[in-house]
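Asker: Turn this into a model:
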Amino acid sequence: MHRKAFLAKRLTQTAILVSISLFSVSCGKKSPSPSPVNQEQPIQVPGSQQPEVRDDLPTAGFYNNADGSPIFALLNGAKTSLDIEIYQMADADVRAAIRNALARKIKVRVVKEPAPLGDDCNVFTPIEAKEDPTCADQKKLRAEIIEQGGHYVPFNKDNLCANPARPCFEHGKMVIADQKAVLISTGNFNSSNLCNLKQNPGKCNRDFTVIQRKSEIVSLLSKVFENDLKGEKYNLRKILMEEGAKDQVTVSPFSLDPLVDFVKSAAVSIRIQNQYLKEPNLNQALIEAARRGVHVEITVASVCSFGPPSAREAESQRALFGSFIDAGFSVRLLPSAFKINGKPGYLHSKAIVIDDRKAWVGSVNGSSSATSNNREFGTFFEEPAWVASLAGILKADHESPDTETLEESLACKKDRNSSGESGGDGDGNVR
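Answerer: Below you'll find the model as predicted:
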């Protein structure tokens with residue numbers, strides 16, 4: 001054999017033997033364990049179609065406040081801006097998180113309801129000599145935000161309500177962080193709504209939160225916030241129609257039609273939780289759904305939540321719930337005997353699940369003021385894991401032995417007469 005050919009053959013054989021040896025060692029060696037998942041990074045829910053986002057903000061999803069509200073992660077994770085539109089914001093830990101954001105040089109802007117029902121703290125007035133400490137601290141926070149170049153303004157009812165001559169409130173609960181994530185809650189940023197046990201609230205509300213991270217949703221709600229911050233009249237309907245997320249959000253005073261259409265889309269079942277159901281058009285849509293064979297389950301707050309009802313109110317409730325029962329609804333009321341994290345419970349949520357496959361969560365109570373006059377925020381979603389989680393809670397609450405019938409509720413059999421949020425609901429109802 002020629003010497004060059006011989007050497008080439010030996011080199012090839014040697015290379016093959018080395019490769020086999022390395023492969024054998026590799027196969028016999030234990031693979032390193034995968035590193036733990038960084039919980040600060042978003043986890044994609046199958047079918048959620050949420051964009052992958054790498055930052056410190058909470059992941060998109062549905063959250064039960066009793067298991068921990070994502071508001072603290074949102075406030076603490078912001079790097080550039082926080083835009084807040086809110087009815088009440090009395091939780092001390094929320095205020096602390098906003099102060100921490102200010103210390104990080106985050107730009108904070110707030111639009112707030114100036115006169116929540118049953119709440120004596122008007123943060124837009126000077127601190128008084130014998131001010132309640134919680135109210136005084138809320139006023140101090142407003143001053144701190146303004147001193148650092150932020151904004152903290154009252155919701156301009158004269159320009160922003162559909163009909164300012166009627167009861168109207170900024171009753172929405174929304175936070176936009178870094179123009180990347182938006183939080184929409186059924187509950188205020190109070191200790192009872194957040195079920196923040198660190199603050200030892202006297203009760204824990206049933207309240208939910210949704211974090212949306214789709215750019216079109218963030219963009220639409222950011223435009224609403226910017227206009228509400230200015231406080232000038234503007235064409236909200238046009239913004240809702242032009243933006244790409246019009247079918248994914250509700251903003252009152254234009255919430256009635258999308259919610260009625262949502263109810264009408266039901267083919268099999270409707271699960272609904274709300275403080276109460278008084279809006280005639282929405283109620284009629286529910287009744288019509290039941291009459292066409294849709295199974296309708298409603299769970300509402302106890303009639304005794306704000307104290308024993310008057311004879312007139314009891315009569316009104318019997319007429320209303322009688323129409324529901326006659327249509328075939330399954331009806332339950334949630335009293336304070338229903339415990340949430342060991343605390344007396346109150347049903348403050350506003351949520352609808354259709355056919356156990358799509359859902360809506362928001363701040364809209366079942367009243368005409370909420371759907372058609374206030375500023376309120378809500379969001380639709382179809383992510384299977386989110387819907388399943390919400391549907392499971394609604395079903396369990398409805399079937400709980402700690403809920404009650406209408407007659408039991410009227411008799412205050414299971415209720416301590418505790419109110420839901422400082423004696424008022426933001427729809428002009430003190431009870």
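Asker: what ranges do the helices span in the protein?
Answerer: Remark: helices assigned in the chain by DSSP state H are 3-28, 71-77, 92-103, 133-147, 157-160, 191-194, 215-230, 236-242, 256-264, 280-291, 311-327, 368-372, 384-399, 406-410.
Asker: Show me the shaky parts of this protein.
Answerer: Scanning the chain with the threshold set as pLDDT under 70 gives 1-53, 416-431.
Asker: quick one on the thing from earlier: to Gly202, which of the helices of the chain lies closest?
Answerer: Gly202 lies closest, by CB to CB, to one member of the helices of the chain: helix 191-194, at 7.1 Å. Any C-beta I mention is one placed from the backbone N, CA and C, and that applies to glycine too.
Asker: Give me the helices and strands touching the closest one, please.
Answerer: helix 92-103, strand 204-206 (3 or more CB pairs under 8 Å, 6 or more residues apart in numbering; DSSP states H and E).
Asker: Can you tell me what sits against it?
Answerer: Residues outside helix 191-194 that contact it (CB atoms under 8 Å, 6 or more residues apart in numbering): 65, 69, 71, 90-94, 185, 187, 199-205, 207, 346, 348, 420-421.
Asker: Mind doing that once more with 6 Å?
Answerer: The contact list for helix 191-194 (CB atoms under 6 Å, 6 or more residues apart in numbering) reads Asn65, Ser69, Asp91, Gly187, Gln199, Pro201, Lys203, Asn205, Asp207.
Asker: can you put those residues in JSON lines and add neighbour count and distance to Pro164?
Answerer: Below are the contacts of helix 191-194 laid out as JSON lines (neighbours: other CB atoms under 10 Å; distance: CB to CB, whole Å):
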{"residue": "Asn65", "neighbour count": "26", "distance to Pro164": "32"}
{"residue": "Ser69", "neighbour count": "25", "distance to Pro164": "32"}
{"residue": "Asp91", "neighbour count": "24", "distance to Pro164": "29"}
{"residue": "Gly187", "neighbour count": "27", "distance to Pro164": "26"}
{"residue": "Gln199", "neighbour count": "15", "distance to Pro164": "35"}
{"residue": "Pro201", "neighbour count": "19", "distance to Pro164": "33"}
{"residue": "Lys203", "neighbour count": "21", "distance to Pro164": "33"}
{"residue": "Asn205", "neighbour count": "28", "distance to Pro164": "29"}
{"residue": "Asp207", "neighbour count": "31", "distance to Pro164": "28"}
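Asker: which one of these sits closest to Pro253?
Answerer: When these are ranked by distance to Pro253 (CB to CB), Gly187 comes first, at 20.9 Å.
Asker: Tell me how far that closest one lies from Asn365.
Answerer: Using CB to CB, to the nearest Å, Gly187 is found at 12 Å from Asn365.
Asker: what does Arg206 give?
Answerer: For Arg206, the distance to Asn365 - CB to CB - is 14 Å.
Asker: ok, now Val218?
Answerer: Separation of Val218 from Asn365 (CB to CB): 25 Å.
Asker: Of the two, which one has the most company?
Answerer: Asn365 (26 against 19; other CB atoms under 10 Å).
Asker: ok, residues contacting stretch 210-223?
Answerer: 50, 53, 58, 60-62, 70, 176, 181-184, 239, 243-245, 248, 361, 379.
Asker: How about stretch 134-151?
Answerer: Ala90, Arg95, Leu102, Lys107, Val108, Arg109, Cys121, Val123, Ile127, Tyr152.
Asker: Which positions within it qualify as buried?
Answerer: Cys135, Asp137, Gln138, Lys139, Leu141, Arg142, Glu144, Ile145, Gly150 (16 or more other CB atoms under 10 Å).
Asker: Stretch 403-413 too?
Answerer: The neighbour-count check on stretch 403-413 (16+ other CB under 10 Å) flags Thr403, Glu404, Leu406, Glu408, Ser409, Leu410, Ala411, Cys412 as buried.
Asker: coming back round to it: can you redo the helices and strands packed on helix 191-194 as a markdown table, where the extra columns are distance to Thr80?
Answerer: Listed next are the helices and strands packed on helix 191-194 as a markdown table, based on distance: least, CB to CB, whole Å:
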| stretch | distance to Thr80 |
| --- | --- |
| helix 92-103 | 10 |
| strand 204-206 | 31 |
